[in-house]
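# sequence and predicted structure below; questions after.
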There are 2 protein chains.
Amino acid sequence: MNGNKAITKRDEDFAKWYTDIVRAAKLADYTSVKGCIAIEPNGYAIWEKIQSIMDKKFKELGHVNVQMPMLIPEYLFNQEKELIEGFAPELVWVTEVGNKKLDERFAIRSTSETVFCDYYKKHISSYKDLPKLYNQWCNVFRYEKETRPFLRSREFLWQEGHTVHATEEEAITETKQMIDVYQWFNHEILAIPSITGKKTEKEKFAGAEFTLTNEDLMYNGICLQDGTSHYFGQKFSKAYDVKFINKDNKYDYAYYTTWGKTTRAIAAIIMVHADDYGLVLPPRIAPKQVVIIPIGNDNMVNDLCSEFNKKLNDDNVAAYIDNSEKTPGFKFAEAEVNGIPIRIEIGARDLANGVVTVVRRDTREKKSIKKEELTTDYIEELLQTIQKDMYNRALEHQKKLTFEAHSMADIEHILNTQPGFIRAMWCGDEDCENKIKEIKGCKSRCILENEKPIDDKCVCCGKPAKHHVVWGIQY
Amino acid sequence: MNGNKAITKRDEDFAKWYTDIVRAAKLADYTSVKGCIAIEPNGYAIWEKIQSIMDKKFKELGHVNVQMPMLIPEYLFNQEKELIEGFAPELVWVTEVGNKKLDERFAIRSTSETVFCDYYKKHISSYKDLPKLYNQWCNVFRYEKETRPFLRSREFLWQEGHTVHATEEEAITETKQMIDVYQWFNHEILAIPSITGKKTEKEKFAGAEFTLTNEDLMYNGICLQDGTSHYFGQKFSKAYDVKFINKDNKYDYAYYTTWGKTTRAIAAIIMVHADDYGLVLPPRIAPKQVVIIPIGNDNMVNDLCSEFNKKLNDDNVAAYIDNSEKTPGFKFAEAEVNGIPIRIEIGARDLANGVVTVVRRDTREKKSIKKEELTTDYIEELLQTIQKDMYNRALEHQKKLTFEAHSMADIEHILNTQPGFIRAMWCGDEDCENKIKEIKGCKSRCILENEKPIDDKCVCCGKPAKHHVVWGIQY
């Protein structure tokens, strides 16, 4: 068999392959609420793992969690024009309670800058109250027209950090620190080699001074923004009157940052790592890292399975035994489609020969090892190897799909052949950005601030280049 | 000083005392969204602790977490009449997106039976698919008229378990198991001696066959329902067509249970344990269990603080040093108002005499102990003692405020003197229940199913008694 029958081939129809993986691995399903998904146990367990690792990191850096209201009165939204303009078409409004019309409309949060600023306004009076390093885990709602599970859903889950500081320098440091946290998370935990940079004026968050972003490249060469950190300067704090008395005993407005990462990370895991056999989970994010499958009903086999399962769990490896009533073949396929990093098969015949079988999900490599070799150390080392190999393979693929363009024709050629990350110089003029977008909707992904130029002229107009930019087609 | 100046005396004005505690301990604040609170870091940290302990227990019992949509199409709600009737006045409706009217209204979930049933309908076809033991942690919205932080808020956080089973027996076992989990949690973790029983027909959840409940008694003798587990039989699965093929190869409808516990638990902690000096947290739910306060700026003092703090944290005691620039007196008061179970004061003068000071928050008892006695074992034992003592004091108080009524006059007398749990026999007739309610709104809290009768006649009508019931005034 070449691939899982329930899953369309990735090279045949990437979009269909993606939704097939989501369903086959039981990550999420469509619901009667258009554009909203049900996140199923396998999918939610990944989100819980994402939450626990990121939350620990946030707290180590001094952040604390809070919970602000989900409904936002219309007048509050209207205080910051760019924000309401940026989000207006996607906002859903609560207008009735029971069968009575409300006096004012409430938006369901699409993002919470308004409510956080309204809170900070009341709770900050002196520089001694600063910084406030708040974060919340919650659901948000954006009425998207086209939706795809995890990738773009009307309701999604995320964390949104909202911090206020006494100085610009401190706030900018926070903005950079948090995008570095996301990059660390993508590289080290998700095995996704994101690139990090600054959004152009056109692409930055509504109302921000600047936006830093993590951009991932999917297997098919399409780009995905999957973590952003915004610096707002004093713009929002002026609009919402978040002021404090500084060290010089004068009124000043707080310096504000926000940063967020969403359930979209699950889409990235799929589109970077999964294959024709199903999901492939990097060991560090896999809710279950090892499945042990007994073959046949043999006491020695069952004892060894139980013993080794206990040993692994005692040593903090997330292992489990599949002792359901299904056939071994069915269990193998299920572990495979669910992306469990390591599968251990233990059968009586093999045991008689003193061996057990260990299968890597990422390479599907099957190895017969001596029973004595099956230790926690062996498994932990293999999990590390898989994690590292998955990152390197993704990086290799990303390098293969990273191109340099020196002309508009280059961009067009690349997009017609094989899309990917396109590196090209830019003068900084939005007109040129718009012209590049005319080529198949190719957008600037981010400005690489510390990379050497590859040209001295803008790829579009030929005027002196200011920025080394990565361009691409996005989800 | 007798009590904290920022806090109204509990015996003077209980309601004012309660909201003073919420503000003084920085648990939550009011927002610009009427009836909705901002849960602040100190309050949210308690909720995180509640979540982590309950979630671990749920998972040990085989439950898994999911996330269903927050919006519910009107037609879906309408499929179960009792549910829509029970919740209709409190439902808020989304009717617009951007500036356009939607074709159909969506309710923000006030509870998720509808969406879970709609999901299960699609995903259950055989008894082999059962049971499904799903739970979700989320926000819900009920448009309450009168609100109080944590106690009754338009938006609140909760977990809602939704399980489907192949047999009635299994589903009833689940319903009972989960109310036992809540009772265990209240008794062992929150040090609240809840009583557990069955709701009367009048007081059960809209659409349920029966409802089991945990009822707490607040310090002032008012009752609080703070955890419920419902058995629905096949009512919802018939309304939503959740059917499966059973072992006899015949169609049957799934047996359904739901159970939930909310941020209201934080209100219970306050109203059972707090005092005139602020919050008092039971050690097992306290996000921070021990605060170490250095007095004066002395190297030996600072070293001992750091050393002992590290030791405690290494041994899994949640300790921290308050080395902010405030005065020791201010730090003492802050630790006290925030309810930190143990405060350790370390000063140079005491150290010269080889002693340190340990203060219990619950009794405010101050003890000078030899420096060598200050070990993890000492602290852990003291935390256990505090936990046990808090439970016993709450139980003692609850016993003191538990009364027996043998006539309507008794009930009236009790409610006019000192309200509490009122035990009285009942014939089972709703008319009698309504008559008792006429006395200051006194409601049945729950039927005690395994307690001996205290009379053979109904407290109201004098006909033969069927149930031993606890009555009381509720929040």
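Now that the structure is in, tell me what you want to look at.
# any idea how far A:Pro89 is from chain B?
Distance of A:Pro89 to chain B, computed by C-beta to the nearest C-beta, to the nearest Å: 5 Å. Any C-beta I mention is one placed from the backbone N, CA and C, and that applies to glycine too.
# got the contact list for that residue?
Going by C-beta atoms under 8 Å, 6 or more residues apart in numbering or on different chains, A:Pro89 touches A:143, B:97-98.
# what's the answer for A:Thr111, then?
Per C-beta under 8 Å, 6+ apart, neighbours of A:Thr111: A:83, A:87, A:140, A:160, A:258, A:260.
# repeat that for A:Val337.
By C-beta under 8 Å, 6+ apart, the contact list for A:Val337 reads A:4, A:6-7, A:24-25, A:277-279.
# would you show me how to pick out the buried ones of those residues in PyMOL?
PyMOL command restricting the contacts of A:Val337 to the buried ones, with burial defined by 16 or more other C-beta atoms under 10 Å in any protein chain shown:
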select buried, chain A and resi 4+7+24+25+277+278+279
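# mind checking which of the contacts of A:Val337 land in helices?
A:Ala24 (DSSP state H).
# which SS class is A:Arg10?
Assigned with DSSP: H, G, I helix; E, B strand; the rest coil, A:Arg10 falls in the coil class.
# any idea how far it is from B:Glu336?
61 Å (C-beta to C-beta, to the nearest Å).
# swap in A:Arg361?
54 Å.
# tell me which of the two has more neighbours.
A:Arg361 (27 against 21; other C-beta atoms under 10 Å in any protein chain shown).
# contact partners for the more buried one?
Applying C-beta under 8 Å, 6+ apart, the residues near A:Arg361 are A:280-281, A:335-336, A:339-343, A:386.
# try it again at 10 Å.
By C-beta atoms under 10 Å, 6 or more residues apart in numbering or on different chains, the contact set of A:Arg361 is A:273, A:275, A:277-281, A:283, A:286, A:291, A:335-343, A:386, A:390.
# what about those residues, which are in strands?
Mapping the contacts of A:Arg361 onto strands (DSSP state E) picks out A:291, A:342-343.
# let me know the closest of these to chain B.
A:Val291 (16.3 Å; C-beta to the nearest C-beta).
# partners of the closest one in the sheet?
Per DSSP bridges, the residues bridged to A:Val291 are A:Tyr320, A:Arg343.
# quick check: it touching A:Tyr320?
Yes. Between A:Val291 and A:Tyr320 there is a contact under C-beta atoms under 10 Å: 6.1 Å.
# now the common contact residues for the two.
Common neighbours of A:Val291 and A:Tyr320 are listed as A:309, A:335, A:340 (criterion: C-beta under 10 Å, 6+ apart).
# what sits against A:Lys128?
Here A:Lys128 is in contact with A:166, A:244-245, A:247, B:324-326 (C-beta under 10 Å, 6+ apart).
# pull out the buried members of these.
Here, 16+ other C-beta under 10 Å leaves A:166, A:244 buried among the contacts of A:Lys128.
# pLDDT score for the nearest residue to A:Leu224 once chain neighbours are set aside?
The shortest distance from A:Leu224 to any non-neighbouring residue, by C-beta to C-beta, 6 or more residues apart in numbering or on different chains, is to A:Asp216 (4.6 Å). A:Asp216 carries a pLDDT score of 98 in this model.
# count of neighbours near the residue in the stretch 151-300 of chain A positioned nearest to chain B?
The nearest approach of the stretch 151-300 of chain A to chain B comes at A:Glu155, 5.7 Å away (C-beta to the nearest C-beta). Counted with other C-beta under 10 Å, the neighbours of A:Glu155 add up to 25.
# any idea what it is bridged to?
Residues in beta-bridge contact with A:Glu155 (DSSP bridges): A:Phe141.
# for it, which residues are in contact?
A:31, A:33, A:35-37, A:39, A:92, A:108, A:139-144, A:147, A:263, B:67-71.
# other SSEs contacting whichever strand or helix holds A:Met425?
Per DSSP states H and E, A:Met425 falls inside strand A:421-426. For strand A:421-426, the elements it packs on are strand A:210-217, strand A:402-404, helix A:408-417, helix A:430-437, strand A:443-448, strand A:467-472, judged by 3 or more C-beta pairs under 10 Å, 6 or more residues apart in numbering or on different chains; DSSP states H and E.
# buried residues, the second one. List them.
With burial defined by 16+ other C-beta under 10 Å, the residues of strand A:402-404 counted as buried are A:402-403.
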